[in-house]
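# model the following, please.
(one chain, ligands or ions: 1)
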Amino acid sequence: MEKVMHVPEVVLNSGYKMPLLGMGTAAYPMPIDDLTCILVDAIETGYRHFDTATLYGSEEAVGRAVAEAIERGIIKSRQQVFITSKLWCTEAHPQLVLPALKNTLGKLGLDYVDLYLIHWPISMKPGPVDILKFKKEDIVPFDMKGVWKAMEACCMLGLAKSIGVSNFSCTKLSQLLQIATIPPAVNQVEINVAWQQQKLLEYCKEKGVHVSAYSPLGAKGASWNSPIINDIATAKRKSIAQVALRWIYEQGASVIVKSFNKERMKQNLEMFDWELSTEDNFKIQDIPQKKGYNGEDFTHPNGPYKSVNDIWDGEI
Ligand SMILES: NC(=O)c1ccc[n+]([C@@H]2O[C@H](COP(=O)([O-])OP(=O)(O)OC[C@H]3O[C@@H](n4cnc5c(N)ncnc54)[C@H](OP(=O)(O)O)[C@@H]3O)[C@@H](O)[C@H]2O)c1
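I've put the predicted structure just below:
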């Protein structure tokens, strides 16, 4: 068996621990057997945190990979992995939340998820979970209070150990905190050296909500390809990806990175035993900022979000 890197953990406001590095699983379409093999490789390499979602179609493969890893003795029990899944917009209606989570658990073959997130602060008319099939006209007002109460019920039933949100601006998070009995444990958002989100990081820190960074290498793979990151990587004898990931970790956020290549999986794990200098951090602050995915697909002149600015409450 291979040597496994130790990944540090954060204690969430729910009291549960979460590894600060997670494996992304958004890759579609991919045969379940192939994805299962890749995810078993990831467990063997040392990943203990998996980020799935109903939208990604990867829940079944995550569940199978965990079962296979236990069977092969790579891990001893389900408790050794942290599994996140997400409620898709067509199910973001109070009465559909619990059935959606039960469906997710069925696909995972698990009794509970460690973390269940509202994927977007958006509701679509109930229907298939398919990003390619929705029409902008299907977007309806998001009942934040009703949906969150249903998320809290999932938590109280023990079906989700922690609950949280994704793609929430500071404004939306503040609205949620006012109505929540159980505060969100996590806000999963795009963060990378080209979309640094200092305001959101500070706000979440102040409120005790942990920030998880998706697309840490930059949506569409562009951001970390900056000459600034390249120079730091050369000087530190690290890869540019390692510098980009380390920077996120040093902001106090967790990193959800997707690699289905075993060498890059290993490389991405090697970011905890070295650090960036203050000077490196100053240089990284100068990288031009641009969000990779702005959610434009969810805007419509007659919908609840008329513009990208509405989705992010001007924080873009
Ligand atoms: N909540 C949300 O709305 C949301 C949105 C987007 C993503 N996510 C989650 O976050 C995860 C990660 O985000 P992402 O997939 O958008 O982007 P990412 O993890 O930043 O980048 C993935 C890309 O980088 C490549 N890569 C990974 N490690 C590398 C390395 N060391 N050197 C060079 N290339 C490397 C991967 O290719 P290889 O596989 O070939 O290595 C892949 O093409 C997703 O899978 C998903 O779980 C959540």
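# make it CA atoms for all contacts and neighbour counts henceforth
OK.
# quick one: secondary structure of P29?
Taken by DSSP: H, G, I helix; E, B strand; the rest coil, the conformation at P29 corresponds to coil.
# hey, where'd the helices end up in the stretch 201-316 of the chain?
Per DSSP state H, counting those that start in this stretch, the stretch 201-316 of the chain carries helices over the ranges 227-236, 240-250, 262-269, 278-285, 308-312.
# can I get these in CSV with mean pLDDT, distance to C154 and mean neighbour count?
What follows is the helices of the stretch 201-316 of the chain, written out as CSV (pLDDT from 0 to 100; distance: least, Cα to Cα, whole Å; neighbours: other Cα atoms under 10 Å):
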stretch, mean pLDDT, distance to C154, mean neighbour count
helix 227-236, 95, 42, 16
helix 240-250, 96, 30, 22
helix 262-269, 96, 32, 17
helix 278-285, 96, 40, 13
helix 308-312, 94, 26, 18
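# got a markdown table for the ones you listed, with distance to P29 too?
Formatted as a markdown table, the helices of the stretch 201-316 of the chain follow (distance: least, Cα to Cα, whole Å):
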| stretch | distance to P29 |
| --- | --- |
| helix 227-236 | 31 |
| helix 240-250 | 25 |
| helix 262-269 | 20 |
| helix 278-285 | 35 |
| helix 308-312 | 27 |
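# can I get those helices in TSV with distance to the ligand?
Written out in TSV, the entries for the helices of the stretch 201-316 of the chain read as follows (distance: least, Cα to the nearest ligand atom, whole Å):
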stretch	distance to the ligand
helix 227-236	12
helix 240-250	5
helix 262-269	4
helix 278-285	17
helix 308-312	13
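# distance of whatever residue of the stretch 51-200 of the chain ends up closest to the ligand relative to E250?
Minimum separation of the stretch 51-200 of the chain from the ligand (Cα to the nearest ligand atom) falls at D51, amounting to 4.7 Å. Taking Cα to Cα, to the nearest Å as the measure, D51 falls 21 Å from E250.
# hang on, V62 in a helix?
Yes. Assessed with three-state DSSP, V62 lies in a helix.
# now do the contacts for it.
Counting by Cα atoms under 8 Å, 6 or more residues apart in numbering, V62 touches 36, 39, 50, 52, 108.
# can we see that at 10 Å?
Neighbouring residues of V62 by Cα atoms under 10 Å, 6 or more residues apart in numbering: 25, 32, 35-40, 50-52, 68, 83, 107-109.
# now, which of these lie within helices?
Cross-referencing the contacts of V62 against helices under DSSP state H gives 32, 35-40, 68, 107-108.
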